[in-house]
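Enquirer: Fold the following.
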Amino acid sequence: MSQPPGSRPGALTCLPVDGVGEVAAGADLAAVLLEAVTPQDGDVLVVTSKVVSKAEGRVRSGSREDLLAEETDRVVAVRGRTSIVRTHHGLVMAAAGIDASNTGLGTVVLLPADPDASARRLREQVAARTGRNVAVLVTDTAGRAWRTGQTDIAVGAAGLDVLHDYAGVVDPHGNELAVTAPAVADEIAAAADLVKRKLGRRPAAVVRGLADLVLPAGHHGPGAAALVRPEEQDMFGLGAREAVLAALRGTEARGFGAPCSADELADQLAALAGAGAVVTRDGGRVSVRLGGSEREQGAQAVTLRAAAFALGWRAHDDAVQPLVRFAPATP
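Expert: Modelled structure (predicted):
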């Protein structure tokens, strides 16, 4: 149930959930939360991933460094002791979201194995025990590539359309919206964190006043997985340093996104090859005839191969200087 374009919701209330003690593995999380809060129809119950993970037995002995490789799908960037990685969920987070706070010394808390499934299960349990139709968000803290600091985001969701796509809607001035798509689940997660607080020992909050966004009972929606940008569309899949090194190595193409067009590749290679080089397009292939001396051609070929790799193309293994041919790395 998407919010109608131009609708104006009423007052929004964020209520902290107090009185939730330490949660151990195997705990009935729904029962624990319902002892502390009485939800109403249309509420959004926002629960930290940490308390969900604790209930699901996701506490491990060791340090972040000990568990990082296990939780990492692909490294995005490393600066000193800080590692930004893509998790197996598709989330891009520092240290794969592994948390060493509010847990016993010598232990860390991993993200839930399937946060959307956790949200669905909790929503169903709340409905079964109270008869109330609520949405559930499982949240975690994440940084933003362009801004300092962190904010809470939804890593799991049930009972909510997590994204509102306004593409094609016309604003009051007659302008058609093209890419406006608020991440509603993340907005709610951030609002709820204002009352949960990082050191408040409040693992949950209730956001009230958004009943028009809560889906009917039995309809869970696409989950927070719908907010994970596909890798082929990710324009920032690698850190600046990591992208350069990966292109020069030419072995791991993940992180560079989908291949660019043949025209774009030809333009980029022509600019890099310089005077004397001739770039041609033949259907879905691009070829470069290098100019200059044999030594100059060798240096040009190294540069062009790395550039093409970063743009999603690979040089033919049988290419012999001065002619270098390129084809998309993926169909």
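Enquirer: Report the beta-bridge partner residues of residue 285.
Expert: Counting by DSSP bridges, residue 285 forms beta bridges with residue 282.
Enquirer: okay but it is in contact with residue 323, surely?
Expert: No: because the distance of 11.7 Å does not satisfy Cβ atoms under 8 Å, residue 285 is recorded as not touching residue 323. All C-beta atoms are positioned from the backbone trio N, CA, C, and that covers glycine.
Enquirer: elements contacting the longest strand seen in the chain?
Expert: Counting by DSSP state E, the longest strand found in the chain is strand 147-158. With contacts defined as 3 or more Cβ pairs under 8 Å, 6 or more residues apart in numbering; DSSP states H and E, the secondary structure elements packing on strand 147-158 are helix 49-55, helix 115-130, strand 135-144, helix 184-196.
Enquirer: Nearest to residue 218, out of these?
Expert: The minimum distance between residue 218 and the helices and strands packed on strand 147-158 falls on helix 115-130, with 8.7 Å, by Cβ to Cβ.
Enquirer: And the helices in the protein?
Expert: In chain order, the chain shows helices spanning 29-36, 49-55, 64-71, 115-130, 184-196, 240-249, 262-273, 294-310, with DSSP state H as the criterion.
Enquirer: Taking helix 115-130 as reference, get the angle to the fifth one.
Expert: Okay, so that is helix 184-196. Counting by axes from the mean of the first three to the mean of the last three Cα atoms, to 10 degrees, helix 184-196 lies at 70 degrees to helix 115-130.
Enquirer: how much space between residue 206 and residue 54?
Expert: The span separating residue 206 from residue 54 equals 20 Å under the rule Cβ to Cβ, to the nearest Å.
Enquirer: I meant to write residue 279 there.
Expert: Remark: distance between residue 279 and residue 54 (Cβ to Cβ) = 58 Å.
Enquirer: With neighbour numbers in mind, choose between these two.
Expert: More neighbours surround residue 54 than the other of residue 279 and residue 54, with 23 against 19 (other Cβ atoms under 10 Å).
Enquirer: quick one, what contacts the more buried one?
Expert: Neighbouring residues of residue 54 by Cβ atoms under 8 Å, 6 or more residues apart in numbering: 23-25, 27, 103, 109.
Enquirer: can you check residue 127 too?
Expert: Remark: with contacts taken as Cβ under 8 Å, 6+ apart, residue 127 is in contact with 133-134, 217.
Enquirer: quick one: buried residues of stretch 232-252?
Expert: By neighbour count, and taking 16 or more other Cβ atoms under 10 Å as the criterion, the buried residues in stretch 232-252 are 234, 237-239, 242-243, 246-247.
Enquirer: So what would you say the end-to-end distance of that stretch is?
Expert: Across its full length, stretch 232-252 reaches 14 Å between end residues, using Cα to Cα, to the nearest Å.
Enquirer: What's the mean pLDDT across stretch 284-301?
Expert: Per-residue pLDDT over stretch 284-301 has a mean of 89.
Enquirer: do stretch 184-196 as well
Expert: pLDDT averaged over stretch 184-196 equals 96, rounded to a whole number.
Enquirer: Great, nothing more from me.
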